[in-house]
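>>> Below is the sequence, then the predicted model.
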Amino acid sequence: MIEALTLYCVPGVGPGRFKKLVDHFGSAGAALVGDNDEFAKEADRRAEKARHGAAPARRARNLLRQCTEAGIGMLAYGSGAYPGRLGHLDNPPPVLFTLGRTELLHGPCVAVVGSRRATAYGRRVSRSLGARLAEQGRCVVSGMAMGVDAEAHRGALPGPTAAVLGSGVDVPSPASNTRLYREILKHGVVVSEFEPGTRAEPHHFPRRNRIIAALATDVVIVEASGRSGALITADHALDVGREVHAVPGPIDRATSQGTNRLIAQGATIVTDTNLGHDSFTVRSLPGEPELRDLLAAVPGAPITVEEVAEAAGRAADEVGASLMILEIRGYVVSTRDGRVMRTPGRRPMMVREGAA
């Protein structure tokens with residue numbers, strides 16, 4: 001762990017560069033002593049020089065001591081204990097700080113998120129969904145925010161649930177949910193990429209949302225306005241190949257604008273909180289890099305094979321065979337006129353204005 005923390009503490013090595021360095025060298029320890037030019041290629045020259053200084057190692061030791069004394073766990077990218085689904089992100093957390101049952105992060109997880117200003121309907125549905133999913137043995141992942149998130153956690157308890165914070169794991173956020181935070185620690189797990197003691201800041205929440213999306217196999221949006229942060233979570237979910245589900249709501253209510261739009265754009269509609277085990281069957285992204293890259297070139301609207309080939313920079317005959325594999329696996333579908341598109345619900349064509 002100390003090698004991972006040291007690399008994490010090197011100035012200029014953010015989440016994306018940490019992943020590149022570990023993937024390139026094979027481990028954080030190998031990256032710290034690896035070839036100077038190769039390190040600089042994956043990061044930059046400033047970071048390459050900084051790794052040789054005493055400051056990163058000193059800061060890493062202090063952080064390790066702080067976490068050990070507080071009973072805070074740490075999962076580093078590249079280690080066997082790190083949640084594999086987070087590796088689908090381009091910029092996974094280099095270190096995930098944890099309190100509680102980290103084994104839940106490796107099992108079946110479904111995210112339930114939505115508006116902080118939830119209606120009575122939204123709160124009721126969220127709690128019911130959380131309870132039903134936990135009964136099935138699925139870990140309910142959410143952000144412990146007021147409204148939909150908090151009710152999803154409450155519904156899941158005392159079953160499995162994971163709270164992803166926009167603060168340090170030792171800083172309940174919001175403070176008004178401290179009682180809920182303590183209950184989650186008893187039965188579930190609290191995680192964050194922010195160091196212990198870090199206070200929540202507005203710019204932390206988009207980063208938190210990508211973790212919520214990646215930890216889950218599916219994401220359910222219960223209520224969301226047209227500018228809701230929950231829609232950012234939906235975007236992240238689609239980027240890493242998760243299926244997005246949405247709960248419909250009244251067309252004249254602001255908190256239903258985002259969810260109703262998701263449904264119109266192809267998200268799977270949730271019509272019953274009494275979910276069966278087969279309600280969430282999405283697979284993650286294809287394991288083969290060439291198939292993942294090709295899938296990224298396929299939109300949610302029909303497109304010809306030739307257009308896919310051009311977008312992917314590959315030969316049309318090669319693309320045709322790969323698209324057949326993706327179709328067999330359920331990632332794409334063919335239209336009657338021979339064109340292809342992403343399977344509805346896997347990646348709707350989402351266009352939002354000024355999401356916050």
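Nice, I can see it.
>>> in this structure, which spans are strands?
Taking DSSP state E, the strands of the chain run over residues 73-76, 95-100, 109-113, 139-142, 161-164, 189-192, 218-221, 243-246, 268-269, 332-334, 340-342.
>>> Identify whichever of the ones you listed lies nearest to residue 256.
In this view, these are compared for proximity to residue 256 by Cβ to Cβ, and strand 243-246 is the closest at 9.6 Å. Where C-beta positions appear, they are placed from N, C-alpha and C, glycine not excepted.
>>> hmm, back to that, make CSV out of the strands of the chain and add mean neighbour count and distance to residue 61.
Formatted as CSV, the strands of the chain follow (neighbours: other Cβ atoms under 10 Å; distance: least, Cβ to Cβ, whole Å):
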stretch, mean neighbour count, distance to residue 61
strand 73-76, 20, 13
strand 95-100, 23, 14
strand 109-113, 30, 33
strand 139-142, 30, 32
strand 161-164, 30, 27
strand 189-192, 26, 21
strand 218-221, 29, 38
strand 243-246, 27, 42
strand 268-269, 17, 48
strand 332-334, 17, 49
strand 340-342, 21, 47
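>>> Please produce TSV containing the ones you listed, extended by distance to residue 262 and mean pLDDT.
Listed next are the strands of the chain as TSV, based on distance: least, Cβ to Cβ, whole Å; pLDDT from 0 to 100:
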stretch	distance to residue 262	mean pLDDT
strand 73-76	31	96
strand 95-100	28	97
strand 109-113	12	95
strand 139-142	17	96
strand 161-164	21	98
strand 189-192	26	98
strand 218-221	6	92
strand 243-246	4	88
strand 268-269	9	85
strand 332-334	19	80
strand 340-342	15	78
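>>> could you redo the ones you listed as CSV and give each row distance to residue 306?
Shown next, in CSV, are these (distance: least, Cβ to Cβ, whole Å):
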stretch, distance to residue 306
strand 73-76, 44
strand 95-100, 43
strand 109-113, 37
strand 139-142, 40
strand 161-164, 42
strand 189-192, 44
strand 218-221, 33
strand 243-246, 28
strand 268-269, 30
strand 332-334, 14
strand 340-342, 11
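>>> can you tell which of these is closest to residue 38?
Each of these has some distance to residue 38 by Cβ to Cβ; the shortest is strand 73-76, at 20.5 Å.
>>> Please name the strands paired to that closest one in the sheet, noting orientation.
Sheet pairing for strand 73-76, assigned by DSSP bridges, gives strand 95-100 (antiparallel).
>>> then the partner strand to PDB, C-alphas only?
C-alpha atoms of strand 95-100 as PDB (Å, rounded to 0.1, in the frame of the first residue of the first chain):
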ATOM      1  CA  VAL A  95      -7.000   5.200  -3.800                       C
ATOM      2  CA  LEU A  96     -10.500   4.500  -2.400                       C
ATOM      3  CA  PHE A  97     -10.800   5.200   1.300                       C
ATOM      4  CA  THR A  98     -13.300   3.000   3.100                       C
ATOM      5  CA  LEU A  99     -15.200   2.400   6.300                       C
ATOM      6  CA  GLY A 100     -17.200  -0.800   6.800                       C
END
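>>> which outside residues touch that strand?
For strand 95-100, the external contacting residues (Cβ atoms under 8 Å, 6 or more residues apart in numbering) are 4-5, 8, 67, 71-77, 82-83, 86, 168-170, 184-185, 188-196, 211.
>>> Can you tell me which of the residues you listed are buried?
Buried subset of these (neighbour count, 16 or more other Cβ atoms under 10 Å): 4-5, 8, 67, 72-77, 82-83, 86, 168-170, 184-185, 188-196, 211.
>>> how deep is residue 241 tucked in, by neighbour count?
Neighbourhood size, residue 241 [other Cβ atoms under 10 Å]: 21.
>>> Residue 127 now?
Residue 127 has 21 neighbours, counted by other Cβ under 10 Å.
>>> Tell me how far the residue lying closest to it once chain neighbours are set aside lies from residue 221.
Leaving aside its chain neighbours, residue 127 sits nearest to residue 155 (3.7 Å; criterion: Cβ to Cβ, 6 or more residues apart in numbering). Distance of residue 155 to residue 221, computed by Cβ to Cβ, to the nearest Å: 16 Å.
>>> For the protein, which element, helix or strand, carries the lowest mean pLDDT?
Lowest mean confidence among the helices and strands of the chain (mean pLDDT, DSSP states H and E): strand 340-342, at a mean of 78.
>>> Which neighbouring elements make contact with it?
strand 332-334 (3 or more Cβ pairs under 8 Å, 6 or more residues apart in numbering; DSSP states H and E).
>>> Note down every partner strand of the strand it packs on and its orientation.
For strand 332-334, the paired strands and their directions (DSSP bridges) read strand 340-342 (antiparallel).
>>> roughly how far out does the partner strand sit from the chain middle?
23 Å (Cα atoms, centre = their mean, to the nearest Å).
>>> go on, stretch 144-157?
The chain centre lies 18 Å from the centre of stretch 144-157; the measure is Cα atoms, centre = their mean.
>>> ok, now stretch 221-231?
In this view, stretch 221-231 has its centroid 16 Å away from the chain centroid, taken as Cα atoms, centre = their mean.
>>> cool, and stretch 325-340?
Per Cα atoms, centre = their mean, the centroid offset for stretch 325-340 relative to its chain is 26 Å.
>>> Which positions within it qualify as buried?
Under the neighbour-count criterion of 16+ other Cβ under 10 Å, stretch 325-340 has 326, 331, 332, 339, 340 buried.
>>> which pair in those residues spans the largest distance?
For these, the maximum inter-member distance is 15.2 Å, found between 331 and 339 (Cβ to Cβ).
>>> so residue 56 touches residue 2, yeah?
No: if you go by Cβ atoms under 8 Å, residue 56 and residue 2 don't touch, sitting 10.7 Å apart.
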